[in-house]
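K.L.:
Quick one, fold the following:
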Amino acid sequence: MKRSALALLMGLSLVACGEKPVAPVETTEQSVQASFSAVRDWLGQEAKPLASLDAAHSSPDDLSEFGDAIADARVVVLSEDSYADANAFELMNRLVQYLHQQKDFDALIIESAMFDVEAMWRSALEKDASLTDLAPGRVFYMYSQTDASRKVLQYADVMKKSPRPLALYGLDIPLAGTTSINELIPALSDYLQQTGSAILSEPAWPAYVAVAKKAISLNSEGAELSEFTQVSKLLETELCNGASDAALMRENAGWWCRQVRGISANVIRQQHRDDKNYDYRDTAMADNVQWLLQHPLKDKKVIIWGHSSHAIPAVSGLNPDSKQEIHSMAWHLKSQLGDQVYIAKLLPLGGQVSRYWDTGEQAVTLEANSLEWALKSLNLKQGFVNAPNDVAMRAHLSQIKKSYLFGKDVNGLFFYEAAVAAKQGTHPILPLPQ
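P.N.:
Sure, this is the predicted structure:
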């Protein structure tokens, strides 16, 4: 124990001086328990109570600590651990409304396809269509079909004609959304025709179209790719070096660059279903967000809503060919934007979530000696805690069990007593207004 404590102190002194420790801090069961106790005590002092998860029954007062914590961040990422926790959706809606109303955030980027969400937002502005009604079939089904998750769409509907609308964007590649399936390739063809592109005359163009349509519908596995790859390279050369200043997305070369690269990423991931570590989706998602931040959302403050697997910095896989790491979307954003990004994790301390891939439910489990375990042991109902700046406490946090490092990967935690299984509704897929 003395040796372990000495190693910890030496490591802290070197960190405080801005240097790396000569050797890693020795971790023993005793040192982990000591760090867990220190973290638990710190959480008991620093966690700020949250009056309600529900935006309809709360005031902004209990979110002031969160508002102070995000400071001048341009991007706030709201990360959920489950796609099927109604309480996470309730809290997500509340936080989005707070950031929009109290902290002047201008847009919400959700984990759904860029192409489908653009069509919805354009219809909302030009045709006064309901985002909530158009979401099924275009927005990920757990966000568009469950009552709690639809609340944030309903809020965007209320605000869309106001002096300060909450603009809605998607960050994902085409993933079998209704509008992507029906309109993406025809609209790309129209754009290429309008710009006089010679690519439409390429002998390989029909083969590209065939594979791309299958990829958008998530069934391109096993397709012959030589001609698809040939045309993809031509499209990227033409579109990704083109101008991105057109006001309308579908008249914008940079926008079409994102769609073409999204299709290519989808083809790659569908060819490697046997290797779950081989997936460039997160890289494409991060590039999509960066493009949005640099062009239609330039100088705007942005909220991102996504699952923890994408929205917390991490190594998401390993390319089996190059052996290079593939990283999560948030890893790329943090690497590129640094302190401009604040990542908040939404964390249930128990309860049940739906197995969104079927009709069952499963319990939320907490790992012993984890940060979640420490919060649970304090018998706190719900609240917020901002990551510490204190070097010693950060060292303690690095020793307890976790899948992320609080203070580095995650900047703030919203916790609540229990998850509630979110149930899918049967809202119909509606056509876009003409």
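K.L.:
ok, the residue nearest to R74 when sequence neighbours are not counted - contacts?
P.N.:
With CB to CB, 6 or more residues apart in numbering as the criterion, R74 has its nearest non-adjacent residue at 4.5 Å, and that residue is Q340. Every C-beta, even on glycine, is put in place using the N, C-alpha and C of the backbone. Contacts here follow CB atoms under 8 Å, 6 or more residues apart in numbering; on that basis Q340 touches 72-75.
K.L.:
Same question for R164.
P.N.:
Contacts of R164 by CB under 8 Å, 6+ apart are 100, 106.
K.L.:
Isn't W205 up against I199?
P.N.:
Yes - with contact defined as CB atoms under 8 Å, W205 and I199 form a contacting pair (6.5 Å).
K.L.:
Just the helices from the stretch 251-400 of the chain, written as ranges.
P.N.:
For the stretch 251-400 of the chain, applying DSSP state H, counting those that start in this stretch gives helices covering 253-271, 281-294, 308-311, 329-337, 371-377, 391-399.
K.L.:
Please identify which of those is closest to G350.
P.N.:
Comparison of these against G350 by CB to CB identifies helix 371-377 as nearest, at 7.1 Å.
K.L.:
which other helices and strands contact that closest one?
P.N.:
Where contact means 3 or more CB pairs under 8 Å, 6 or more residues apart in numbering; DSSP states H and E, helix 371-377 is packed against helix 29-46, strand 412-416.
K.L.:
Geometric centre of the chain: which residue is closest?
P.N.:
G306 (3.0 Å; CA atoms, centre = their mean).
K.L.:
do you know how far S308 is from V410?
P.N.:
9 Å (CB to CB, to the nearest Å).
K.L.:
Which neighbours do the two have in common?
P.N.:
With CB under 8 Å, 6+ apart as the test, S308 and V410 both reach 79, 345, 404.
K.L.:
who's in contact with the second one?
P.N.:
The reference is to K345. K345 neighbours (CB under 8 Å, 6+ apart): 79, 81, 308, 312, 404, 410, 412-414.
K.L.:
still on that earlier bit, which one of the shared contacts of S308 and V410 is nearest A246?
P.N.:
For the shared contacts of S308 and V410, the nearest to A246 is S79 (32.4 Å; CB to CB).
K.L.:
Hmm, I343 and that closest one touching each other?
P.N.:
Yes - counting by CB under 8 Å, S79 touches I343, with 6.2 Å between them.
K.L.:
what residues do those two have in common as contacts?
P.N.:
Joint contacts of S79 and I343 (CB under 8 Å, 6+ apart) are 311-312, 330, 410.
K.L.:
Just give me the closest of these to P431.
P.N.:
A311 (31.4 Å).
K.L.:
Distance check, that closest one against T283.
P.N.:
Distance from A311 to T283, by CB to CB: 14 Å.
K.L.:
between the two, who's got more neighbours?
P.N.:
Neighbours were counted for A311 and for T283 using other CB atoms under 10 Å; A311 has more, 26 against 18.
K.L.:
That one contacts V76, correct?
P.N.:
No - using CB under 8 Å, A311 makes no contact with V76, being 10.7 Å away.
K.L.:
which residues do W205 and I199 both contact?
P.N.:
Joint contacts of W205 and I199 (CB under 8 Å, 6+ apart) are V231.
K.L.:
Go through the helices and strands packed on helix 371-377 and find the least confident stretch.
P.N.:
Of all those, mean pLDDT reaches its minimum on helix 29-46 (a mean of 92).
K.L.:
That helix vs helix 391-399, what angle?
P.N.:
120 degrees (axes from the mean of the first three to the mean of the last three CA atoms, to 10 degrees).
K.L.:
Strand 412-416 and helix 29-46, what's the angle between them?
P.N.:
Using the same axes, to 10 degrees: helix 29-46 against strand 412-416 is 80 degrees.
K.L.:
Run through who's touching the helix or strand that helix 29-46 is followed by.
P.N.:
Going down the chain from helix 29-46, the next helix or strand is strand 48-49, by DSSP states H and E. With contact meaning CB under 8 Å, 6+ apart, strand 48-49 is reached by 62, 65, 380-385.
K.L.:
Separate out the buried members of the residues you listed.
P.N.:
Using 16 or more other CB atoms under 10 Å as the burial test, the contacts of strand 48-49 include 62, 65, 380, 382-385 as buried.
K.L.:
picking that back up, joint contacts of A311 and V76?
P.N.:
304, 343.
K.L.:
ranges for the strands of the stretch 101-250 of the chain?
P.N.:
In the stretch 101-250 of the chain, the segments counted as strands under DSSP state E, counting those that start in this stretch are 107-113, 167-172.
K.L.:
What's the separation between the closest residue in space to V75 that isn't next to it in sequence and E367?
P.N.:
Distances taken as CB to CB, 6+ apart place V341 nearest to V75, at 4.7 Å, with adjacent residues excluded. Distance, V341 to E367, by CB to CB: 26 Å.
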